[in-house]
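Trainee: I would like the atomic coordinates for the input below:
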Amino acid sequence: MSTTTNTVVLFKEDPGRGWVEEKHMEVTKQDFNADAVELKEGEVLLKIKYLSLDPYMRGRMQTKAKSYSAPFEIGKPLQAGGIGEVYRVGKGTTLKTGDLVLGFVEWAQWFVAAEKGLKKLEIFDGVPISYNLGVLGMPGITAYGGLMKIGEPKEGETVYVSGAAGAVGLLVGQLARLRGCRVVGSAGTDDKVKVLLEEAGYDAAFNYKTVKSLDAAFKEHCPKGIDIYFDNVGGEMLDVALTHMNVHSRIPVCGAISQYNASEQYGVKNLMQTVIKRIKIQGFLSTDLYGDQELVKNFTKDVVALVKEGKIVYKEHIVEGIENAPSAFVGLLKGANTGKQIIKVA
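Mentor: The predicted structure follows:
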C-alpha cells in the first residue's frame, strides 16, 4: 500500500484574544509515500486512526503567552494525543506492523514517530480503543486524580461539577456518586442536562444559560451548600460558587473554559470567601497526576473495571475526517460536544 498525499492541519495564525476561527488553521495536502518515507533507527510510521481534541490546546495557540505547555508554531502542524496503527518500522524497534499505539502526534493522516514516545495499547474486550483518549486516558486521570487527590470526597457530601457534560466532567460526577456523594452538574444545553440526569446519574443538573441566575440555581440545587466544586469553567461561575461553598470545602481547578476565548478576563470578586470558609483551591495538571504512580495504578484498576462492568457511562463526540478537525475544534470551544471530542482519521 502507498499513498501520494498526507493531509496535515497547520497552525496558520495566532488568534490572540477572542474566539478561535477555522481561518487560524489550514488543511493542507502534502506529497507523501508511505512505502518510501525514510525511517531512522528507533522510528515507526503510524497510520493515524484517532486524534484527541482538548480545550488546553487553546492556550497553545497563544504564541506570546507563558503557559505550562509550549505554544504551537505558526506554519507547523498542530499536535495532539492520538492513536495510530504501526504501518512500517525502522531498525532497532520492538513494535511490529499492525500494533496499535498511543502517543503525541500531528494532526495528520500519517506520522513518523520515535518508538520511545509511544505506548502499545492494551486491548480490552468490549471497550472501544478510542476510550484510551478519553475515559481511560488523559481526561480520565484528570477526573479521577482531581476528584480523589484534591477533592477528597466523603460519603454524603455535595459535589458540584461545571462543564459536567464534557470529557472530564461526565466522569467526575459518576465517580463521586459511586463514593456516596450527592452530585450536581451544569451544562450549556437542555440536551446535555438530560444526559446528566438520565444517563450519567447526576442527582440534579441545570442549564446555566437559561436559569434566572447562578445564585438562584445554587440555592435550588445545592441547598446544603457545596463541599467540592470541580471547576472546569472559571470566571463568573467560580465567583458565584465561592459564595455557596461550605466551611473546609475543596475546589480542584481543572480549567477555565469561559476565559479561554474572552477578550477581557473576568475578575473574581469573592476570593475572601476562601478565608472566611477556609476553602482549599488547587489547580492541577494531568502531567502532575501521571507522576503519582500509586494514583495511576488505582486509576487504571478502578476505572477500567467500572467501564468493563458498565458502571460508567461515557460518551464520545466523534467527527470523521482529518479535514474537519478545525471546525470540530472551534465547536469544542463553543460547547458543541457532549463527552470526549474525537477525530476519526481512518
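Trainee: For residue 325, give me its contacts.
Mentor: Residues counted as contacts of residue 325 (CB atoms under 8 Å, 6 or more residues apart in numbering) are 9, 25, 27, 51, 53, 78, 107, 319, 343. (Each C-beta comes from the backbone N, C-alpha and C, glycine too.)
Trainee: next one: residue 165
Mentor: Contacts of residue 165 by CB under 8 Å, 6+ apart are 185, 187, 192, 193, 195, 196, 338, 339.
Trainee: so which of the residues you listed comes closest to residue 307?
Mentor: residue 339 (13.3 Å; CB to CB).
Trainee: excluding its backbone neighbours, what's nearest that closest one?
Mentor: Spatial nearest neighbour of residue 339, excluding adjacent residues (CB to CB, 6 or more residues apart in numbering): residue 315 at 3.0 Å.
Trainee: try residue 162
Mentor: Leaving aside its sequence neighbours, residue 162 sits nearest to residue 233 (CB to CB, 6+ apart; 4.0 Å).
Trainee: Sketch out the low-pLDDT regions of the chain for me.
Mentor: Counting by pLDDT under 70, the chain shows low-confidence ranges at 1-3.
Trainee: Now do the same for the residue lying farthest from the centre of it: helix, strand or coil?
Mentor: Ranked by distance from the centre of the chain (CA atoms, centre = their mean), the top residue is residue 36, with 35.3 Å. Assigned by DSSP: H, G, I helix; E, B strand; the rest coil, the conformation of residue 36 is coil.
Trainee: Ok, residue 73 next?
Mentor: Under three-state DSSP, residue 73 comes out as coil.
Trainee: Surely it is in contact with residue 11?
Mentor: Yes - shown here, residue 73 and residue 11 form a contact pair, counting by CB atoms under 8 Å, at 6.6 Å.
Trainee: The two: who's more crowded?
Mentor: residue 11 (22 against 13; other CB atoms under 10 Å).
Trainee: Residue 252 versus residue 150, what's the distance?
Mentor: Plainly put, residue 150 is 4 Å away from residue 252 if you go by CB to CB, to the nearest Å.
Trainee: Kindly report the same for residue 296.
Mentor: 17 Å.
Trainee: Please say which of these two ends up with more neighbours.
Mentor: Between residue 296 and residue 252, residue 252 has the larger neighbour count (other CB under 10 Å), namely 25 against 15.
Trainee: need the contact list for that one.
Mentor: 146, 147, 150, 151, 228, 229, 230, 231, 282, 284.
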